[in-house]
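[1] got a sequence here, can you model it:
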Amino acid sequence: MTGRPIYLDHQATTPLDPRALEQMMPFLTTAYGNSNSAHLYGREAARAISTARQRVAHLIGAKNPAEVIFTSGATESNHLAIVGAALAKRPQGGHIVTTAIEHKAVLAAVQRLVDHHDYTATRVAVDPHGHAHPSDIASALTPNTVLVSVMHANNEIGTLQPITAISQITAHHGILLHTDAAQSAGYGLFDADELGVDLASLSAHKLYGPKGIGALYLRSGTPLDPQQTGGGQERGLRAGTLNVPAIVGFGAAAHLITSDTTPTLPQIRAMRDRLQEQLLAAIPGATVNGHPTRRLPGTISLTLPDAEAADVLDHLPEIAAATGSACNTGTSDPSHVLTAIGLTRPQARRTLRLGIGRTTTATEVERAAALIAQSAAKHRPTRSSAA
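    Presented below is the predicted three-dimensional model:
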């Protein structure tokens, strides 16, 4: 093997766009002021943060830039949204509704409320495509429900949820709606106002920005109990000295998505479809998970007929891909997402997650299809070992 592997793990993280890095560099070197300081260095940092906030707000369709609260990433945003909103609404009730395929950061935040604050929670099942039906969400609501959390796009199978229909249900009942939009925002598919959500979690490194920075969209008027207090930053909702270089990079990456200087969704979808078609043709019996049409344009979740996904990738250094969520690394348990859509444990272990991004080339797609098919064939169990 020569050179670096073909990168097909864009759900886990995306490469930092060089143009975003370029805008970050002054704030890593000479423009090092604390944005809370009143002198020139501080004012310089504060202006840069204001610009970045406007750019992120524009990307997600927020009416007011002040609705963007910077955090360390989507995990923190999920925690702040779920725990903070639920505690703020505690006088109205103590029941939360979510789905069986949420990111583990969401499920963990909900479980914290159950374990330590005496809340109850309902996980709504999804159909075999990973689609949460609004009628099932409505059926799970009780007079005690204060918060619903449904991710916009799944990080493993890519299925997009009917958030607009769900928001109409929650708004009718006066219930807050949170969504994890970490996967969808980078495609320019997330519009907070159009979808009608009250809270949304974002992560810069999922949209070609730097790691360690994210945001919480908080619709004006939405109650929230701060979870990190101290210096009063971010309108008192998230204390701590702001990470100016990362925030600038986040804003720059958001601006690139809205400025029409990156590959279009049809281009990414076309490469995804080409890779999918070639793999299905070369590996008889392979199946694709997720909704056939309402799915992120770069995602393929492929279940192999008889080869272990880990074996296929372990012997394929030319490809950088995953067997499931990167957040599940180090555990032998099958993906909770895949079992929730009806896959057996053996099927889940035979599932690859492939992610096309805007840096993927057509040549890489052709080579990846051939290499994955070859490795899958090589690692099929023999008759004697399968017996």
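[2] from now on I want contacts and neighbour counts done on CA atoms only, so please keep to that.
    Fine.
[3] identify the residue nearest Val126 in space, chain neighbours excluded?
    Using C-alpha to C-alpha, 6 or more residues apart in numbering and skipping the chain neighbours, the partner closest in space to Val126 is Ala132 (4.7 Å).
[4] what's the burial count for that neighbour?
    Residues near Ala132, counting by other C-alpha atoms under 10 Å, number 25.
[5] same thing with Leu21?
    Using other C-alpha under 10 Å: Leu21 sits among 21 other residues.
[6] who does the helix or strand that Leu147 is a member of touch, helix- and strand-wise?
    Taking DSSP states H and E as the criterion, Leu147 maps to strand 145-149. Counting contacts by 3 or more C-alpha pairs under 8 Å, 6 or more residues apart in numbering; DSSP states H and E, strand 145-149 packs against helix 74-88, strand 95-99, strand 176-180.
[7] list the contacts for the spatially closest residue to His131 that is not a sequence neighbour?
    For His131, ignoring the flanking residues on the chain, the nearest one in space by C-alpha to C-alpha, 6+ apart is Gln161 at 6.1 Å. Applying C-alpha atoms under 8 Å, 6 or more residues apart in numbering to Gln161 gives the contacts 131-132, 150-153, 294.
[8] just the buried ones from the residues you listed?
    Neighbour-count burial (16 or more other C-alpha atoms under 10 Å) is assigned, among the contacts of Gln161, to 131-132, 150-153.
[9] for whichever helix in the chain runs longest, give the mean pLDDT please.
    Assignment by DSSP state H gives helix 40-60 as the longest helix of the chain. Averaging pLDDT along helix 40-60 gives 98.
[10] partners of the helix or strand following it in the sheet?
    Next helix or strand after helix 40-60 toward the C-terminus (DSSP H and E): strand 68-71. Neighbouring strands of strand 68-71 in its sheet, by DSSP bridges, are strand 214-218 (antiparallel).
[11] then the strand it pairs with to CSV, C-alphas only?
    C-alpha atoms of strand 214-218 as CSV (Å, rounded to 0.1, in the frame of the first residue of the first chain):
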residue,chain,number,x,y,z
GLY,A,214,-20.2,23.0,18.4
ALA,A,215,-23.4,24.9,19.1
LEU,A,216,-26.8,24.7,20.5
TYR,A,217,-29.6,26.3,18.6
LEU,A,218,-32.0,27.7,21.3
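[12] hmm, back to that, ok, so of the contacts of Gln161, who is nearest Arg47?
    If you rank those by distance to Arg47 using C-alpha to C-alpha, His152 comes first, at 31.2 Å.
[13] that closest one touches Leu189, doesn't it?
    No. Proximity of His152 to Leu189 does not meet the contact threshold set by C-alpha atoms under 8 Å, at 9.4 Å.
[14] how about the contacts made by the residue nearest to Val126?
    Counting by C-alpha under 8 Å, 6+ apart, Ala132 makes contact with 99, 124-126, 161-162.
[15] pipe the residues you listed into CSV and attach distance to Pro245 per row.
    Below are these laid out as CSV (distance: C-alpha to C-alpha, whole Å):
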residue, distance to Pro245
Thr99, 35
Val124, 39
Ala125, 41
Val126, 40
Gln161, 33
Pro162, 35
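[16] check which helix or strand Asp136 maps to.
    Per DSSP H and E: helix 134-140 holds Asp136.
[17] before we move on, what about Arg269?
    Element membership of Arg269, judged by DSSP H and E, is helix 265-282.
[18] show me how far that helix is from its chain's centre.
    Counting by C-alpha atoms, centre = their mean, to the nearest Å, helix 265-282 is centred 21 Å from the centre of its parent chain.
[19] likewise stretch 237-257?
    17 Å.
[20] only C-alpha atoms, please: export it in CSV.
    Output in CSV follows, covering the C-alpha atoms of stretch 237-257 (Å, rounded to 0.1, in the frame of the first residue of the first chain):
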residue,chain,number,x,y,z
LEU,A,237,-26.1,29.7,29.4
ARG,A,238,-22.7,28.2,29.0
ALA,A,239,-19.8,29.6,31.1
GLY,A,240,-16.1,29.3,30.1
THR,A,241,-13.7,31.3,28.0
LEU,A,242,-14.7,31.1,24.4
ASN,A,243,-12.5,29.0,22.0
VAL,A,244,-12.1,31.9,19.5
PRO,A,245,-10.0,30.1,16.9
ALA,A,246,-12.4,27.1,16.8
ILE,A,247,-15.4,29.4,16.7
VAL,A,248,-13.9,31.3,13.8
GLY,A,249,-13.3,28.0,12.0
PHE,A,250,-16.8,26.8,12.7
GLY,A,251,-18.2,30.1,11.2
ALA,A,252,-15.9,29.8,8.2
ALA,A,253,-17.0,26.2,7.5
ALA,A,254,-20.7,27.2,7.8
HIS,A,255,-20.1,30.1,5.4
LEU,A,256,-18.6,27.8,2.8
ILE,A,257,-21.7,25.6,2.9
